[in-house]
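Participant: Predicted coordinates and the sequence they were generated for:
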Amino acid sequence: MTPVTPTTPRAPFGRRRCTVGANRASGGYRVFSLLDREGPEPAAGRFYMLAAAAGWGDRSGRPQLPRAISVAETGPAADGIRLDFLVDDVGPGTGRLCELEPGEEVWLTGPLGNDFGEPAEVAGPGAAGAILVGGGVGVAPLALLRRRFAERGVPHRVLLGFRDEEHSGGLDLFCSAAGALCPEVRLASEDGHAGHRGYVTDLLGAMLAGDDAGSAVVYACGPPAMLEAVRALCADAVVPCRLALESPMACGYGACFGCAVPKPGGGYLRLCVDGPVLSGEQLTAVPEAELARA
Amino acid sequence: MTPVTPTTPRAPFGRRRCTVGANRASGGYRVFSLLDREGPEPAAGRFYMLAAAAGWGDRSGRPQLPRAISVAETGPAADGIRLDFLVDDVGPGTGRLCELEPGEEVWLTGPLGNDFGEPAEVAGPGAAGAILVGGGVGVAPLALLRRRFAERGVPHRVLLGFRDEEHSGGLDLFCSAAGALCPEVRLASEDGHAGHRGYVTDLLGAMLAGDDAGSAVVYACGPPAMLEAVRALCADAVVPCRLALESPMACGYGACFGCAVPKPGGGYLRLCVDGPVLSGEQLTAVPEAELARA
Amino acid sequence: MLEGPQLCGIELAHPVLNGSGTYDAIAARRVFGDEILDDFPFAAFVSKTITPQPRTGNEPRRIWETPAGMLNSIGLPNKGLEGFLAEDLPQLAELPVPLIVSAMATTHEDFGRIVSALDAREEVAALELNVSCPNVHSGLIVGEDPRETLALLQALRPLTAKPLIVKLTPNVADPAAVAVAAEEGGADAVSLINTLKGSAIEPRSGEPALAAGHGGLSGPAVRPVALAQLRSVRAAIGLPIVGMGGIACGADAEEFLRAGATVVAVGTESFSDPKAGSRVARELGYGSERVAAAPVH
Amino acid sequence: MLEGPQLCGIELAHPVLNGSGTYDAIAARRVFGDEILDDFPFAAFVSKTITPQPRTGNEPRRIWETPAGMLNSIGLPNKGLEGFLAEDLPQLAELPVPLIVSAMATTHEDFGRIVSALDAREEVAALELNVSCPNVHSGLIVGEDPRETLALLQALRPLTAKPLIVKLTPNVADPAAVAVAAEEGGADAVSLINTLKGSAIEPRSGEPALAAGHGGLSGPAVRPVALAQLRSVRAAIGLPIVGMGGIACGADAEEFLRAGATVVAVGTESFSDPKAGSRVARELGYGSERVAAAPVH
Ligand SMILES: Cc1cc2nc3c(=O)[nH]c(=O)nc-3n(C[C@H](O)[C@H](O)[C@H](O)COP(=O)(O)OP(=O)(O)OC[C@H]3O[C@@H](n4cnc5c(N)ncnc54)[C@H](O)[C@@H]3O)c2cc1C
Ligand SMILES: Cc1cc2nc3c(=O)[nH]c(=O)nc-3n(C[C@H](O)[C@H](O)[C@H](O)COP(=O)(O)OP(=O)(O)OC[C@H]3O[C@@H](n4cnc5c(N)ncnc54)[C@H](O)[C@@H]3O)c2cc1C
Ligand SMILES: Cc1cc2nc3c(=O)[nH]c(=O)nc-3n(C[C@H](O)[C@H](O)[C@H](O)COP(=O)(O)O)c2cc1C
Ligand SMILES: Cc1cc2nc3c(=O)[nH]c(=O)nc-3n(C[C@H](O)[C@H](O)[C@H](O)COP(=O)(O)O)c2cc1C
Ligand code: FES
Ligand code: FES
């Protein structure tokens, strides 16, 4: 078989029914939990294909296909594991997921795709620490990544950016049990409602300019424009970066070839199996929004 | 304009959103209520086209079209009228209607079609009384007809038949406020779980044979086989009958020509505008189940 | 509030027509009363297809619901040319919008008789030629063959100065070639799509669900096919185009207008919403301030 | 538990295959592990269509959801004949089911090269000819023209004794005529339907949603079209037929089998359910006691 990209532990074969535990508002987004009785604990950056078991679609005939959603948090549960998802309602699929009620059932396949990896895996033993950069609903996979780094003692700083109040949420995923925002988190907002007024990439730029960036690895997830800015900044500063991208996905497991992302040398990657996390060098530029947000 | 079939009062033009009041089990069927703020009080026999405002359809792409449902009862409500519907879950459309929750919204068009008419309208002033014959979920429109006859002092007897316990329901619509089955109602069931073991048409046959049928008019609604038996019995006994039929309906207001029912002379009626209630003479035979029950 | 478009010189209040055979304005007036005259859903009314002789239509079962659509094999029931002129036309003339009469025949002569008869009636603003039918001489479906289509137009064009709209069938490999033939033959516009040939099996009997064995597929399911054919026809001809096929809301209609339709038509959606035409127009920004054109389901 | 059918002499455990290009067994094995070998969803595996030279596929956006279906313009990315033989074939040979290789080329010579090369590999149980492509010499889409189809089969038939399955395109007025040509040319079976030509407009930009402008429509929306074409092809030829187009559950598959399909294939539904093939087979009564074949949505 061809060499296996690090997507282990592998997903159980097929889709499975999971029960919705809770569904709460998180700023302008929703956070809902699923109880997964069969799947392994997912690493940060991996995603699941989700579809409500009932009422998936209406007279408009959409949604029809499952939707790709990153895992934002996970933990042990009574009889399996708990998976938390942070979702922004941008259309019929995410809209339906946002209104899931506790007790409802969801078809789930995953965990799929690769993960962010630790600094040492990405940049070798020399790598000193991590800078996490998230924008909008893209903060989701970074929440799990931050906790893992904290638990494993990987030095890290977190920069989160939001367009405005309405398009902000998920901050609670970066809070201590006591509810306080973790000290290593710094915020930016275009409307200035929280933290630095401007782009989160302003904060990253300053950080990379300052010599304290050291031999860090940058981990980013967010809108294409933000990811492209991160990619360019890191390329200039010669800092390795791992970018969690999005592209339209029908299947999530390599079957449809819909999730193509251009490779520098020509040709395409399948983001669902070769990603969703790509290293800066795997891209000439982050492709324009395939799933433009409303 | 061409002469108007007695379908007055006319339905308000277009569909309207109505709120679900209650939804309860009635034997093997469901009875749910809608609050109609705009429509007129419907006469017995008329029907509405109904579709849940949300969750009409799923990944299977069905239901897509609204479903035709007869009004089973009606009465004044806070701010409009209450419409009760008796529904048998035989597929995706009736299935969705059966699970409507109070507070949900339903798209409604109607009242549509014609009505049963009073004995005098049907058979002239000489008509003495009415015999109502219902089978299965077809008892629905007879419930309203029975109450109207009772209120207007039209002498009437009611014969209701059911296949078995599971396929029985709606009896509560023929009960007094106290909950007792109205005295004029007699039952038949194929499995003998209630009343006469056998067909409701056995009871009708006996009644028509007995001279006490007099100059009655027979009103019937139920499965095609039952309606055909009623039609034949009445034809033999030379008793006028009004039969509420079913046929597949996409629109309910004469637009699609899908609801065709053969005319004796050749050609077709549009059941939604020329019916759903037809006189025995309008049929050579009741067409086979277009909407065969599961 | 936007200004209405023109179709072949006919002024329209908004760009939404009905698909032929999906709205019986006479029956609707019987059911809903004269209210439909005050608030008529369509900017022009397209009649059911009429034929030279009366037709009773196909034996039931005639309709069947399918994923995001429906099949129909209605079989063009109509009173025939004489009956239409005597009974229906006077009533349709009472509608507050221009009347487009859809017609079909299986010979040039019969088609010519209908065109000439309608040409003589000033209640008729335009004619739509339903060419999804065989030419009894050649046996070919006129709308499936560019030569047949050209020949038919050449026979009919001299008979009337009223706009001739050719209703294309989608059941061809290259609808643009037929559209080009219609343009060459002197058509004033084309409309598309008619229904896709489809079938379904009744689960219990295992037999075809429709008595006719197959029927025409319509509704949202066919919208992508309609848009693809619209784009290729738009690229091939300069004539105005009436775009239809699965339009259920303003956003759907917008797709057709962006893809090159001059106006659009709503068919199957009217079965669920008798005022779908007005709603789609409103969602497009006509007749009221533009509203978010999201499906009202 | 029912006994499996035969397809061109190939014994199958049940009647459910995959549609070409809708399941990458190699990628699925990477994602789900060797579990897929123990519980492989399909009774035979149909490869993605391969071409003489490697193809990277079309520029994104490649997929777009539509009412009860989806559009795709993937563009047949594949390693080309040599790459397929060297890298993919050995891995596909590890699958526990017979292998059917789908192939396409734009000249008889190129097509012949592929057929001969595959004929030499005993891992290959049968070939599926994807004829939804132009003949560079005539410019005609082979599968849209009976003569082109006949000529191609006459050129390829002598090159192999393995079963040749011709994958018909639905974008024609008369698929039966093409099926008859395939039969005359010596095909062992036909499969249908491939995707319907479709398009969609991205609401914000007003531009085509797919970079290629249009794509292929699949999913439940197309099922009625598939069933109609299956019935007319079944009436026209005696060959085995692989029926597909919008099958999402056993009840859907049953419609195809009742309409004359020898076996069925599942495509788009596998995107939602990686084990859709096994589920459909189970709902048909294979591999376990027959269960109510209601859609498991
Ligand atoms: C690996 C991965 C991880 C992701 N993680 C998350 C996450 O954690 N949280 C989250 O909220 N989202 C996440 N997404 C994005 C999410 O999958 C999409 O927002 C979702 O699929 C959109 O579906 P929808 O039905 O809600 O909206 P759609 O309407 O399907 O899509 C929204 C946008 O996509 C385009 N679009 C696609 N198809 C159509 C169509 N047929 N009609 C109209 N517009 C269409 C339009 O530009 C539209 O604005 C992730 C995506 C990927 C690939
Ligand atoms: C005037 C009138 C009044 C009515 N009043 C009532 C009433 O008061 N209460 C009540 O319960 N019902 C009533 N009905 C019947 C009701 O409208 C039908 O049972 C309903 O439309 C069925 O829709 P469904 O989606 O539930 O089931 P469907 O699956 O649509 O239909 C059930 C049956 O119809 C056939 N069918 C039609 N289309 C399909 C399809 N695409 N796939 C599979 N099978 C199909 C099958 O034989 C199936 O068994 C009335 C009908 C009419 C015409
Ligand atoms: C029940 C029904 C009857 C139809 N009758 C006709 C007709 O008589 N003449 C015609 O040209 N098209 C007819 N059509 C096709 C429609 O006019 C329209 O082209 C097609 O339905 C696609 O539009 P839609 O998806 O909005 O319904 C009919 C369609 C339906 C559903
Ligand atoms: C993403 C995608 C890729 C496809 N690729 C191919 C292909 O390479 N060769 C081919 O013959 N058919 C291809 N098809 C068509 C399918 O094999 C099948 O004929 C069609 O999708 C109808 O079946 P379905 O509705 O079950 O998907 C593809 C379909 C899809 C959706
Ligand atoms: S999402 Fe289907 S191949 Fe990537
Ligand atoms: S239901 Fe449409 S015409 Fe009767």
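Facilitator: Nice, I can see it. Ligands and ions are numbered 1, 2, ... in the order given.

Participant: which sections of the chain are below the confidence cut-off?
Facilitator: I'll assume chain A. Scanning chain A for pLDDT under 70 picks out A:1-7, A:211-213, A:289-294.

Participant: sorry, should have said chain C
Facilitator: C:1, C:288-297.

Participant: which helix in it runs the most residues?
Facilitator: When chain C is parsed with DSSP state H, its longest helix is helix C:223-236.

Participant: could you point out which element follows it?
Facilitator: Per DSSP states H and E, the first helix or strand lying C-terminal to helix C:223-236 is strand C:241-244.

Participant: returning to that earlier point: tell me if the longest helix of chain C is near ligand 4.
Facilitator: No. Counting by Cβ under 6 Å from any ligand atom, ligand 4 has no neighbours in helix C:223-236; the shortest distance is 12.5 Å. Where you see a C-beta, it was placed from the backbone N, CA and C, and this is true even at glycine.

Participant: near chain D at all, that helix?
Facilitator: Yes. Residues of helix C:223-236 are located near chain D by Cβ under 8 Å from any Cβ of the partner chain, namely C:223-225, C:227-231.

Participant: Number of residues surrounding the closest residue in space to A:Val154 that isn't next to it in sequence?
Facilitator: Nearest non-adjacent residue to A:Val154, counting by Cβ to Cβ, 6 or more residues apart in numbering or on different chains: A:Ala130, 5.8 Å away. Per other Cβ atoms under 10 Å in any protein chain shown, the neighbour tally for A:Ala130 reads 24.

Participant: tell me the contacts of residue 214?
Facilitator: Here I'm looking at chain A. A:128-129 (Cβ atoms under 8 Å, 6 or more residues apart in numbering or on different chains).

Participant: The chain in question should be chain C.
Facilitator: Going by Cβ under 8 Å, 6+ apart, the list of residues near C:His214 reads C:71, C:73, C:197-199, C:208, D:228, D:231.

Participant: Please enumerate residues in contact with the longest helix of chain C?
Facilitator: Defining contact as Cβ under 8 Å, 6+ apart, one finds that helix C:223-236 is touched by C:168, C:170, C:174-177, C:179-180, C:190, C:192-193, C:196, C:241, C:243-247, C:252, C:255-256, C:259-261, D:66-67, D:69, D:71, D:196-201, D:208, D:213-214, D:217, D:221.

Participant: Buried ones in that helix, by neighbour count?
Facilitator: Of the residues in helix C:223-236, C:223-234, C:236 count as buried by neighbour count, 16 or more other Cβ atoms under 10 Å in any protein chain shown.

Participant: For stretch A:69-87, measure first residue to last.
Facilitator: Start and end residues of stretch A:69-87 are separated by 8 Å (Cα to Cα, to the nearest Å).

Participant: Can you report how many residues lie near A:Arg148?
Facilitator: A:Arg148, neighbours per other Cβ under 10 Å, totals 16.

Participant: That one should be in a helix, yeah?
Facilitator: Yes. Judged by DSSP: H, G, I helix; E, B strand; the rest coil, A:Arg148 forms part of a helix.

Participant: For the closest residue to it other than its chain neighbours, which three-state class applies?
Facilitator: Leaving aside its chain neighbours, A:Arg148 sits nearest to A:Ala44 (5.8 Å; criterion: Cβ to Cβ, 6+ apart). Look at A:Ala44: counting by three-state DSSP, its state is coil.

Participant: ok, residue 195 - contacts?
Facilitator: As the question left the chain open, I've gone with chain A. With contact taken as Cβ under 8 Å, 6+ apart, A:Gly195 is in contact with A:186-189.

Participant: if you could check chain C rather than the one you did, that'd help
Facilitator: Going by Cβ under 8 Å, 6+ apart, C:Thr195 touches C:72, C:170, C:215-218, C:222.

Participant: What values do phi and psi take at it?
Facilitator: Per-residue torsions, C:Thr195: phi -80, psi 150 (degrees, to the nearest 10).

Participant: Specify the beta-bridge partners of the closest residue to it other than its chain neighbours.
Facilitator: Computed as Cβ to Cβ, 6+ apart, the closest residue to C:Thr195 that is not its neighbour in sequence is C:Gly216, at 2.5 Å. Beta bridges link C:Gly216 to C:Asn72, C:Lys197 when assigned by DSSP bridges.

Participant: So what's the residue count around C:Gly216?
Facilitator: Number of residues near C:Gly216 (other Cβ under 10 Å) recorded here: 24.

Participant: the helices in the stretch 51-200 of chain A, which residues?
Facilitator: Using DSSP state H, counting those that start in this stretch, the helices assigned to the stretch 51-200 of chain A run over residues A:92-98, A:119-123, A:140-151, A:200-209.

Participant: hmm, who's touching the biggest strand by length in chain C?
Facilitator: As assigned by DSSP state E, the longest strand anywhere in chain C is strand C:124-130. Outside strand C:124-130, the residues that touch it by Cβ under 8 Å, 6+ apart are C:7-8, C:10, C:20, C:44, C:46, C:49, C:89, C:98-104, C:111, C:115, C:118, C:152-153, C:156, C:160, C:162-167, C:187-188, C:191, C:194.

Participant: out of the residues you listed, which are buried?
Facilitator: Neighbour counting with 16+ other Cβ under 10 Å marks C:7-8, C:10, C:20, C:44, C:46, C:49, C:89, C:98-104, C:111, C:115, C:118, C:152-153, C:156, C:160, C:162-167, C:187-188, C:191, C:194 as buried within the contacts of strand C:124-130.

Participant: list the contacts for the closest residue to A:Gly27 other than its chain neighbours?
Facilitator: Computed as Cβ to Cβ, 6+ apart, the closest residue to A:Gly27 that is not its neighbour in sequence is A:Gly169, at 2.9 Å. Counting by Cβ under 8 Å, 6+ apart, A:Gly169 makes contact with A:25-31, A:86, A:88, A:137, A:162.

Participant: Neighbour count added to these, as CSV?
Facilitator: Formatted as CSV, the contacts of A:Gly169 follow (neighbours: other Cβ atoms under 10 Å in any protein chain shown):
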residue, neighbour count
A:Ala25, 11
A:Ser26, 21
A:Gly27, 19
A:Gly28, 18
A:Tyr29, 25
A:Arg30, 21
A:Val31, 23
A:Leu86, 26
A:Asp88, 22
A:Val137, 29
A:Phe162, 28
